[in-house]
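In: mind folding the following:
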Amino acid sequence: MTKSHVFAITAAISWFAISLGFVLNVFDVYPESVIESYAYGDNPSGFAGVIGRTIDFFSYFTYVSNIVVAIVLTMLARNVKRKGAVFATLRMDSLVMISVTGLVYYLLLAADANPQGLQIVSNALIHYIIPALTIVIWLMIGPRGLFRLSTVLTALIIPVVWAVYAMIRGSVINAYPYGFLNAQELGLGTALTNILGVAILGVVLGLIYWIIDRLLSRPNGPADK
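Out: Residues are numbered from 1 along each chain as shown. This is a model prediction of the structure:
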């Protein structure tokens, strides 16, 4: 099996996970549950709530990170030797963002989650399987030598834009994708501090991936053929 095949298969799994989550959200087939006052999900049932549910779906960092992963893996499936600063940033984003998704879910959100039905499959894919696959495949087959120290900083652009959007939208509709962003109850200062904490986590992860990339790119490191 070639690298291209590995990237293509993983990309297909990623797109399937995103599509399943999208269908479950937009067609409102999740089991009825109590929606927290701060949370997304207060949309009309049926067709009337499709637009609101669609916007909510693409407003979750979880799905944004999974979409970035799927796009990057698709690009690599088409050309395993992609280079350039923009692609390097996207590749770093795919690693850092999906790592943050997995870690934040496991540490802060999983205890209160109660997935049911097909949601169990979707939840496992986007929060556990895709993050693990993304990191393992990068460690195994790269590509290597893409990252510079500056890549760690440019990879913050997409997460920062998402955070600004989430906070502005939250101030308008009084709803947030995650409780730790709930400026209405926590206060804006606490919410921004929480965002800063996640951003610092992202920088630390980016530095770790940059260092690993440098080590694996050395002549005596694993070959990236």
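In: tell me the contacts of the closest residue to Leu109 other than its chain neighbours?
Out: With CB to CB, 6 or more residues apart in numbering as the measure, Tyr178 is the residue that lies nearest to Leu109, at 7.1 Å, once sequence neighbours are left out. C-beta coordinates here come from the backbone N, C-alpha and C atoms, glycine included. By CB atoms under 8 Å, 6 or more residues apart in numbering, the residues touching Tyr178 are Phe61, Val104, Leu108, Leu109.
In: same thing with Pro143?
Out: Contacts of Pro143 by CB under 8 Å, 6+ apart are Leu76, Val80, Lys81, Arg82, Arg91, Asp224.
In: now the residues you listed: which count as buried?
Out: If you count burial by 16 or more other CB atoms under 10 Å, the buried members of these come out as Leu76, Val80, Arg82, Arg91.
In: how about the contacts of Tyr178 in a markdown table, adding secondary structure?
Out: Written out in a markdown table, the entries for the contacts of Tyr178 read as follows (DSSP: H, G, I helix; E, B strand; the rest coil):
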| residue | secondary structure |
| --- | --- |
| Phe61 | helix |
| Val104 | helix |
| Leu108 | helix |
| Leu109 | helix |
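In: who wins for most neighbours among these?
Out: Within the contacts of Tyr178, Phe61 tops the neighbour count with 21 neighbours, counted by other CB atoms under 10 Å.
In: how near is that one to Ile135?
Out: As for Phe61, its distance to Ile135 is 17 Å (criterion: CB to CB, to the nearest Å).
In: now do Ile67
Out: 17 Å.
In: re earlier: lowest pLDDT pick from the contacts of Pro143?
Out: Confidence by pLDDT is poorest for Asp224 among those, given 46.
In: tell me the confidence at the residue nearest to Leu109?
Out: Looking at Tyr178, its pLDDT stands at 91.
In: show me the shaky parts of the chain.
Out: Within the chain, the segments meeting pLDDT under 70 span 30-35, 37, 219-225.
In: okay, which residue is most central for it?
Out: Nearest to the mean C-alpha position of the chain, by CA atoms, centre = their mean, lies Ser65 at 2.0 Å.
In: picking that back up, make a markdown table from the contacts of Pro143 and add distance to Trp210 and secondary structure to it.
Out: Output for the contacts of Pro143, formatted as a markdown table (distance: CB to CB, whole Å; DSSP: H, G, I helix; E, B strand; the rest coil):
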| residue | distance to Trp210 | secondary structure |
| --- | --- | --- |
| Leu76 | 19 | helix |
| Val80 | 21 | coil |
| Lys81 | 20 | coil |
| Arg82 | 18 | coil |
| Arg91 | 11 | helix |
| Asp224 | 16 | coil |
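In: what about the closest residue in space to Ile195 that isn't next to it in sequence, distance to Ser150?
Out: If the residues on either side of it in the chain are set aside, Ile195 comes closest to Ala163, at 5.2 Å by CB to CB, 6+ apart. Per CB to CB, Ala163 is found 21 Å from Ser150.
In: hang on, the earlier thing: look up phi and psi at the residue nearest to Leu109.
Out: Torsion angles at Tyr178 (phi, psi; degrees, to the nearest 10) stand at phi -140, psi 150.
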